[in-house]
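S.K.: Sequence unavailable; structure follows:
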């Protein structure tokens with residue numbers, strides 16, 4: 001049976017199965033959903049067994065449970081490991097949703113629900129492609145699945161789990177559907193992800209809040225000082241001023257630079273979509289490159305002093321900010337963290353004390369576009385979308401992908417099928433049914449290639 005016919009004949013069942021996953025509110029960031037994490041893992045185990053794996057287990061970790069499954073057709077054959085996550089983001093602000101986020105609805109040929117794309121919908125693509133191959137005796141590779149429940153909170157326990165079960169998880173290729181394409185009619189394969197370093201900065205001035213009339217002009221204000229310090233981290237050309245920050249930054253190869261330059265972007269529509277009149281970024285680079293393959297520095301939150309109703313004339317004792325750097329592959333977030341701490345203390349005036357607390361970090365990732373498995377992914381997209389996919393780097397971060405390479409010595413192919421309008425992490429998350437269908441076709445075609 002051809003794949004299009006198989007999808008058509010089974011789509012009602014597919015949606016019932018996917019909706020059974022979506023209805024479980026597996027929000028890893030909220031402790032009250034601890035039981036839902038276990039329920040979602042158990043449901044994935046059931047669906048994987050139904051899809052044709054030989055073995056499926058819900059395995060304990062130091063955090064939420066892991067789901068492992070495998071089908072070994074020949075111990076000497078190439079092995080693909082499919083990674084995905086079953087946890088989802090919180091749904092706030094709930095009043096912005098047009099429907100119940102955990103009661104999926106199909107409107108305008110799209111599934112609306114939390115997890116419809118990220119990552120229940122996309123991981124479902126992988127499982128249904130596998131199911132088709134098994135049921136039609138077309139599978140020629142061993143396939144393993146590892147689904148975690150903590151990606152949305154930083155994959156805290158997955159690296160240690162992988163090290164502890166390295167032999168069980170070892171594979172020749174890792175396959176992930178948790179990224180996006182440029183547009184529904186512009187297929188693309190993510191070839192690079194930025195890394196991340198995230199910190200909290202605390203600036204302390206006087207030992208208590210002071211009357212701004214009695215002390216204003218004579219004592220350093222921690223909020224003023226913090227703002228001034230952070231403003232010095234980026235210069236007038238929007239370059240980051242932390243010493244040695246660019247030491248390990250590698251420019252794109254000529255081939256990849258040409259590919260990135262060919263990515264279509266209508267800046268008028270881009271600005272209109274996010275409600276801004278102008279764009280800003282590092283001098284000498286296009287918007288596409290600024291947002292994907294160049295480092296960035298952002299203040300993600302800042303607070304201190306009186307923020308309640310009415311006026312309170314104080315010089316606060318403390319000020320805080322949460323700041324992040326998106327890093328490009330080859331930059332080490334641990335080294336950047338130490339450089340940032342030294343820089344903050346260097347530029348801080350004697351009138352205040354500075355404390356920097358690292359909160360999160362991860363390395364970037366690059367996939368060579370000449371890998372046989374990458375070429376197989378290109379064929380998969382071409383057959384499903386009838387267009388050759390563009391190779392693109394993305395600005396987001398999936399730190400565990402770099403961890404996989406360190407632990408297993410294996411590259412990851414990022415066959416993602418989301419689009420920007422899917423609104424992942426936001427109210428009214430959705431996933432077009434057309435992309436679910438084409439995604440299954442593309443993954444089936446991937447497995448039919450030689451790599």
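M.R.: In hand now; what should we look at? Keep in mind that what you see is a predicted model, and the values were worked out from it rather than measured. Numbers count the residues shown, from 1 in each chain.
S.K.: so residue 326 sits in a strand?
M.R.: Yes. Under DSSP: H, G, I helix; E, B strand; the rest coil, residue 326 sits within a strand.
S.K.: how near is it to residue 246?
M.R.: According to C-beta to C-beta, to the nearest Å, residue 326 stands 14 Å off from residue 246. Heads up, the C-betas are built off the backbone N, CA and C, glycines and all.
S.K.: Helices along the stretch 1-150 of the chain, start to end?
M.R.: Remark: helices assigned in the stretch 1-150 of the chain by DSSP state H, counting those that start in this stretch are 3-22, 34-51, 120-135.
S.K.: shared neighbours of residue 326 and residue 246, which are they?
M.R.: residue 295 (C-beta atoms under 8 Å, 6 or more residues apart in numbering).
S.K.: what about those two, which has more around it?
M.R.: More neighbours surround residue 326 than the other of residue 326 and residue 246, with 22 against 12 (other C-beta atoms under 10 Å).
S.K.: So the more buried one sits against residue 194, correct?
M.R.: Yes. Between residue 326 and residue 194 a contact is recorded at 4.3 Å, counting by C-beta atoms under 8 Å.
S.K.: so what's in contact with these two at the same time?
M.R.: Joint contacts of residue 326 and residue 194 (C-beta under 8 Å, 6+ apart) are 295, 395, 397.
S.K.: Output the residues you listed as TSV; include the columns distance to residue 122 and secondary structure.
M.R.: Formatted as TSV, the shared contacts of residue 326 and residue 194 follow (distance: C-beta to C-beta, whole Å; DSSP: H, G, I helix; E, B strand; the rest coil):
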residue	distance to residue 122	secondary structure
295	27	coil
395	18	coil
397	17	coil
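S.K.: so which one among the residues you listed has the lowest pLDDT?
M.R.: Lowest pLDDT among the shared contacts of residue 326 and residue 194: residue 397, with 87.
S.K.: pretty sure it is touching residue 192, no?
M.R.: No. Residue 397 is not in contact with residue 192 according to C-beta under 8 Å; the separation is 10.8 Å.
S.K.: Next SSE downstream of the helix or strand of the chain with the lowest mean pLDDT?
M.R.: When the helices and strands of the chain are scored by mean pLDDT, DSSP states H and E, helix 254-261 comes last with a mean of 85. For helix 254-261, the following helix or strand on the C-terminal side (DSSP states H and E) is helix 267-274.
S.K.: I'd like to know which elements that following helix is packed against.
M.R.: Packed against helix 267-274, as judged by 3 or more C-beta pairs under 8 Å, 6 or more residues apart in numbering; DSSP states H and E, are no other helices or strands.
S.K.: re earlier: okay, the helices of the stretch 1-150 of the chain, which one's buried deepest?
M.R.: Of the helices of the stretch 1-150 of the chain, the one with the most neighbours on average (mean count of other C-beta atoms under 10 Å) is helix 120-135, at a mean of 25.
S.K.: Residue 286 against residue 261, yeah?
M.R.: Yes. Between residue 286 and residue 261 there is a contact at 7.2 Å, judged by C-beta under 8 Å.
S.K.: In terms of neighbours, single out the busier of those two.
M.R.: residue 286 (15 against 11).
S.K.: Now do the contacts for that one.
M.R.: Listed by C-beta under 8 Å, 6+ apart, the contact set of residue 286 reads 260-261, 265.
S.K.: Closest to residue 186 out of these?
M.R.: Lowest distance from residue 186 to those (C-beta to C-beta) belongs to residue 265, with 10.5 Å.
S.K.: what's the spacing between the closest one and residue 420?
M.R.: Separation of residue 265 from residue 420 (C-beta to C-beta): 12 Å.
S.K.: What pLDDT is listed against residue 133?
M.R.: If you check residue 133, the pLDDT there is 98.
S.K.: Where does residue 356 sit: helix, strand or coil?
M.R.: Looking at residue 356 with three-state DSSP, the answer is strand.
S.K.: Was I right to think it contacts residue 199?
M.R.: Yes. The pair residue 356 / residue 199 is scored as a contact, 5.3 Å apart, by C-beta under 8 Å.
S.K.: So the two - more neighbours on which side?
M.R.: With neighbours defined as other C-beta under 10 Å, residue 356 and residue 199 compare such that residue 199 has more, 21 against 18.
S.K.: Let me know the helix or strand that that one is in.
M.R.: Take DSSP H and E as the rule and residue 199 turns out to sit in strand 195-204.
S.K.: where does this protein dip in pLDDT?
M.R.: Under the criterion pLDDT under 70, no range of the chain is flagged.
S.K.: quick one, domains of it?
M.R.: Per automatic domain parsing, the structural domains of the chain span 3-193+364-447, 195-249+295-362.
S.K.: For the residue of the chain most remote from its centre, grab phi and psi.
M.R.: Computed with C-alpha atoms, centre = their mean, the residue of the chain farthest from its C-alpha average is residue 214, at 49.0 Å. Phi and psi for residue 214, reported as degrees, to the nearest 10, are phi -80, psi -30.
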